[in-house]
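Engineer: Coordinates for the following, if possible.
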Amino acid sequence: MGHVHEQTLYYQGSGQSLMPFTPTAGVPVPVPRHRSWVATVGSVGQPRDGDPRAMYALYDDTAGRLTFHRVPYDHAAAAAAIRRAGLPEYFATRLEEGR
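Structural biologist: Numbering: from 1, shown residues only. Just a heads-up that it's a prediction; the model follows:
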């Protein structure tokens with residue numbers, strides 16, 4: 001799932017509900033095929049977890065692993081462009097703070 005502002009991996013527990021798992025960036029997570037999974041891979045911009053770095057994930061279908069990643073980007077320049085465009089300050093602050 002994309003356009004979600006936090007990274008989380010959900011798996012189906014013993015019942016019908018989804019159980020959340022918060023991944024660590026750069027650490028592969030085994031995702032065996034016998035279990036149902038839902039991954040929210042994050043957002044390239046505007047994260048909501050206090051970390052302004054961009055987020056993405058890579059799935060290795062051969063190894064059955066999903067690895068979440070965080071990478072820096074020039075969020076200060078993006079915030080400056082928002083201000084120059086006259087958009088609400090809230091949007092620029094959100095990029096700078098990651099919230």
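Engineer: Next, work out how far apart the residue most central in space within the chain and residue 98 are.
Structural biologist: By CA atoms, centre = their mean, the chain has its centre lying nearest to residue 42, at 2.0 Å. Noted for residue 42: a distance of 11 Å to residue 98, by CB to CB, to the nearest Å. All C-beta spots, glycine's among them, are computed from the backbone N, C-alpha and C.
Engineer: Quick check: which helices or strands does the helix or strand where residue 91 lies pack against?
Structural biologist: Using DSSP states H and E, residue 91 maps to helix 89-97. Other helices and strands packing on helix 89-97, by 3 or more CB pairs under 8 Å, 6 or more residues apart in numbering; DSSP states H and E, are helix 75-84.
Engineer: buried ones in the helix it packs on?
Structural biologist: Using 16 or more other CB atoms under 10 Å as the test for burial, helix 75-84 gives 75, 78-79, 82.
Engineer: Tell me the predicted confidence for residue 87.
Structural biologist: pLDDT, residue 87: 96.
Engineer: does it count as helix, strand or coil?
Structural biologist: Three-state call for residue 87 (DSSP: H, G, I helix; E, B strand; the rest coil): coil.
Engineer: tell me which residues in the helix holding residue 91 are buried?
Structural biologist: 92, 94-95.
Engineer: Stretch 58-71 now?
Structural biologist: Across stretch 58-71, burial judged by 16+ other CB under 10 Å covers 66-70.
Engineer: Using CSV, list the CA coordinates for that stretch.
Structural biologist: What follows is stretch 58-71, C-alpha atoms only, in CSV (Å, rounded to 0.1, in the frame of the first residue of the first chain):
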residue,chain,number,x,y,z
LEU,A,58,11.8,-3.5,-1.4
TYR,A,59,10.4,-7.0,-1.7
ASP,A,60,12.6,-9.9,-2.6
ASP,A,61,10.3,-12.6,-3.8
THR,A,62,13.0,-15.1,-4.2
ALA,A,63,14.1,-14.8,-0.6
GLY,A,64,10.6,-14.0,0.7
ARG,A,65,11.8,-10.9,2.5
LEU,A,66,10.6,-7.3,2.7
THR,A,67,13.1,-4.6,3.6
PHE,A,68,12.0,-1.1,4.6
HIS,A,69,14.3,1.8,3.9
ARG,A,70,14.8,5.4,5.0
VAL,A,71,16.8,7.9,2.9
